[in-house]
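Trainee: got a sequence here, can you model it:
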Amino acid sequence: MDLMEIRETLLELNKHFAVAGFKFYFVKEPRDDLTGDRLVFASKDNVLIETLKAGTLGLPSVAGPIYVLQHSSGVALKILHPGVLILTKMKRWAATKDSDRPKTVTKTRSDKRDLDYLVFWLVQHEMTIEFELYLGKRKEELLAYVRTYRDCIPEGSELLEALQTAVKSDDWKLL
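Mentor: Here you go, the predicted model:
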């Protein structure tokens, strides 16, 4: 199944998905009377869904490992494993976190919220950050991104506790 087929299938199965121009969005609060551009522009807090080829924009050089999300409709969606996906997000966040450019500041805040969510999601699903499965970067580089993220989390917070759970104990010692 190619990306366009996946988009079309999601659009048919779930009103939370919409296309505006060439961009594909998850709409948090869909309206029955609107579709496409009008739905996206009338809704707040939409999530842009980016689909990128392996090896581009800091993604691992191989699109794997794969994790299969099973939708209640029976559709199975293959995505980059969340234990690797979080590292791609950390890499970008670490590279932009000190920027003062308004657009970059906004994107960095969004990335930080995504990271916080992913940490709790990994713990909830009993998964861990998978340094060894990220192809294209050395583990030491990946650990540096996690270390930078960890250092921005308040001591004693639920998030720090969740991060420690999401990182294997031997890897946590390396931080």
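
Trainee: can we go C-alpha only for contacts and neighbour counts from here?
Mentor: Will do.

Trainee: gap between the residue of the chain most remote from its centre and D45?
Mentor: Distance to the chain centre peaks in the chain at D33, reaching 29.7 Å (criterion: CA atoms, centre = their mean). Separation of D33 from D45 (CA to CA, to the nearest Å) stands at 18 Å.

Trainee: same check, this time on S72
Mentor: 24 Å.

Trainee: the strands in this structure, which residues?
Mentor: 17-20, 23-26, 47-49, 66-70, 76-80 (DSSP state E).

Trainee: run the chain-centre distance for the third one.
Mentor: When C-alpha coordinates are averaged (CA atoms, centre = their mean, to the nearest Å), strand 47-49 and its chain have centres 10 Å apart.

Trainee: what pairs with it, parallel or antiparallel?
Mentor: Sheet pairing of strand 47-49 (DSSP bridges) gives strand 23-26 (antiparallel).

Trainee: list the residues that contact the residue nearest to E126 when sequence neighbours are not counted.
Mentor: Distances taken as CA to CA, 6 or more residues apart in numbering place A166 nearest to E126, at 8.0 Å, with adjacent residues excluded. Counting by CA atoms under 8 Å, 6 or more residues apart in numbering, A166 makes contact with 119, 122-123, 126-129.

Trainee: a markdown table for those residues, including neighbour count?
Mentor: Converted to a markdown table, those look like this (neighbours: other CA atoms under 10 Å):
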| residue | neighbour count |
| --- | --- |
| V119 | 25 |
| L122 | 20 |
| V123 | 18 |
| E126 | 10 |
| M127 | 18 |
| T128 | 20 |
| I129 | 25 |
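
Trainee: tell me the one of the residues you listed nearest G83?
Mentor: I129 (4.2 Å; CA to CA).

Trainee: isn't the closest one right up against S169?
Mentor: No. With contact defined as CA atoms under 8 Å, I129 does not count as touching S169 (10.9 Å).

Trainee: so in this protein, which helix runs the longest?
Mentor: Secondary structure of the chain per DSSP state H: the longest helix is helix 102-124.

Trainee: residues contacting that helix, please?
Mentor: 82-83, 86, 89-90, 93, 96-97, 99, 128-129, 159, 162-163, 165-166.

Trainee: now, of those residues, which are buried?
Mentor: 82-83, 86, 89-90, 93, 96-97, 128-129, 159, 162-163, 165-166 (16 or more other CA atoms under 10 Å).

Trainee: farthest-separated two in these?
Mentor: Longest span within the buried ones among the contacts of helix 102-124, CA to CA: T96 and T165, 25.6 Å.

Trainee: show me where this structure has helices.
Mentor: Under DSSP H, the chain gives helices at 3-13, 36-42, 82-96, 102-124, 139-151, 158-166, 169-174.

Trainee: mind giving me JSON lines with the ones you listed and columns for distance to E50 and mean pLDDT?
Mentor: Listed next are those as JSON lines, based on distance: least, CA to CA, whole Å; pLDDT from 0 to 100:
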{"stretch": "helix 3-13", "distance to E50": "11", "mean pLDDT": "79"}
{"stretch": "helix 36-42", "distance to E50": "15", "mean pLDDT": "83"}
{"stretch": "helix 82-96", "distance to E50": "12", "mean pLDDT": "93"}
{"stretch": "helix 102-124", "distance to E50": "13", "mean pLDDT": "95"}
{"stretch": "helix 139-151", "distance to E50": "22", "mean pLDDT": "97"}
{"stretch": "helix 158-166", "distance to E50": "25", "mean pLDDT": "98"}
{"stretch": "helix 169-174", "distance to E50": "30", "mean pLDDT": "97"}
